[in-house]
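**Student:** Structure for the following, please:
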Amino acid sequence: MIGDPKAFARLAAQLEAERAAAAPMIAKIVSEPERHLDAPMPPAWRTLGMANALCDAAREQLFHSPERSLYVAQLAAAIAEALPDSYPRLLRAQAQAHAWKAVATAHRFQSRHESALRALDVADRRIANEAALGIDRATLGLARATTLREMNRLAEALLLVDEAREVFRHHRDRKQVAQWELLTGMIHHRLGDVVAARQAYMRVIGPARDAGDLHTVAAAYNNLGRAAADAGDMNTSVAALRQARAIFRELEMTTESTRVAWSVAATQLAAGRFDMAIQLLQDVRRDFLQLGMSEEAGLAGVDMIEALLATNARTAARELAGEVVEEFRRAALNERALQALSFLQEM
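**Tutor:** Residues are numbered from 1 along each chain as shown. Presented below is the predicted three-dimensional model:
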């Protein structure tokens, strides 16, 4: 069907009409997505246009409320799985993979890494037999590598990143190549190779800007700011973080703006400006907790404990340490809790 130009044109017109029909419903769904998950699915929602529109909405909600993004993505996955056979098999499989990837990303933003990997397993299975969806498989590989990096499974992450690189270059997908470079830099950064990380972050900015991907541009600046601070290059760090903050504010991405504020606090900590770091980290922790980003809140708390100890505020540091470990435990981040305890004992 897709190979027939007339059939393709009819299908494209149909999908455009479906997305237009879905648009008025999306805002209502996003306002209370969990309620719609528990309700019977209206037959009019079982369209490819609705599934795709919900995936877009889930991505947008990531930067405002990761929890709401998860609900929206789960609804998109339910619709994608219920699409009628009248759609081409390839498009149904692609929609299912995209929806489950959105579920995985929302889990990852909330540090539910095992749940993210399970959702990516489902996405992989949906397109495993579709030879035409090679770039979709590479994109899923990049998403898996991102999750593995956050789990400190860095060798596995690097293997997946290398596999995805050639696919993106073959398709000349500048946006995905830029995202690949960004993740490569983040893995090198986690490995402690600040020089390689900074080089990778610099390679991101031009291609991502050319591709119109301002989110990736700002993420590269944010990470560059951190890497430069780690290398003691405070002038570059401050300039890069200013760029990141300006772009994220323009894009109105709350979660990402909070990450930049965390980076700014980390640079103050590295520069020995402990009182300023403590003040900034208090706000960062509050914002991360309100966003449901427990791991980031806890890690910011560890930074704050370091600053408190540097100012000899040992009682406050001890009290915060108890809060941080309990936050990690409540979020089932037991490995992070043990790491925090180990770090605090060393301090």
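**Student:** Let me see the contact set for residue 112.
**Tutor:** Counting by Cβ atoms under 8 Å, 6 or more residues apart in numbering, residue 112 makes contact with residue 332. Where C-beta positions appear, they are placed from N, C-alpha and C, glycine not excepted.
**Student:** can you check residue 65 too?
**Tutor:** Contacts for residue 65 (Cβ under 8 Å, 6+ apart) come out as 291-292.
**Student:** Would you mind measuring from it to residue 157?
**Tutor:** Distance from residue 65 to residue 157, counting by Cβ to Cβ, to the nearest Å: 27 Å.
**Student:** and what of residue 127?
**Tutor:** 21 Å.
**Student:** Have a look at those two and say which one is more surrounded.
**Tutor:** Using other Cβ atoms under 10 Å as the criterion, residue 127 and residue 157 rank with residue 157 on top: 25 against 21.
**Student:** ok, the more buried one to residue 296 distance?
**Tutor:** Distance, residue 157 to residue 296, by Cβ to Cβ: 19 Å.
**Student:** and this structure, what are its domains?
**Tutor:** 1-127+135-150, 168-252, 256-347 (automatic domain parsing).
**Student:** Least confident of the ones you listed, on average?
**Tutor:** Per-stretch mean pLDDT for those is lowest at domain 256-347 (a mean of 87).
**Student:** now it: how far from the chain's centre is it?
**Tutor:** Domain 256-347 has its C-alpha centroid displaced from the chain centroid by 20 Å (Cα atoms, centre = their mean, to the nearest Å).
**Student:** For residue 130, give me its contacts.
**Tutor:** Per Cβ under 8 Å, 6+ apart, neighbours of residue 130: 90, 93-94, 136.
**Student:** so what's residue 168 closest to, chain neighbours aside?
**Tutor:** residue 176 (4.2 Å; Cβ to Cβ, 6 or more residues apart in numbering).
**Student:** Would you state the secondary structure element containing that neighbour?
**Tutor:** For residue 176, the element it lies in under DSSP states H and E is helix 174-190.
**Student:** Mind listing what's buried along that helix?
**Tutor:** With burial defined by 16 or more other Cβ atoms under 10 Å, the residues of helix 174-190 counted as buried are 174, 176-189.
**Student:** And the helix or strand following it, what does it pack against?
**Tutor:** Toward the C-terminus, helix 174-190 is succeeded by helix 194-210 as the next helix or strand (DSSP H and E). Contact here means 3 or more Cβ pairs under 8 Å, 6 or more residues apart in numbering; DSSP states H and E; on that basis helix 194-210 packs against helix 174-190, helix 214-230.
**Student:** Neighbours of residue 240, how many?
**Tutor:** 29.
**Student:** Please report how far it lies from residue 253.
**Tutor:** From residue 240 over to residue 253 the distance is 17 Å, taken as Cβ to Cβ.
**Student:** Can you say which of the helices and strands packed on helix 194-210 is nearest to residue 310?
**Tutor:** helix 214-230 (16.2 Å; Cβ to Cβ).
**Student:** export the helices and strands packed on helix 194-210 to a markdown table and tack on distance to residue 290?
**Tutor:** Output for these, formatted as a markdown table (distance: least, Cβ to Cβ, whole Å):
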| stretch | distance to residue 290 |
| --- | --- |
| helix 174-190 | 25 |
| helix 214-230 | 20 |
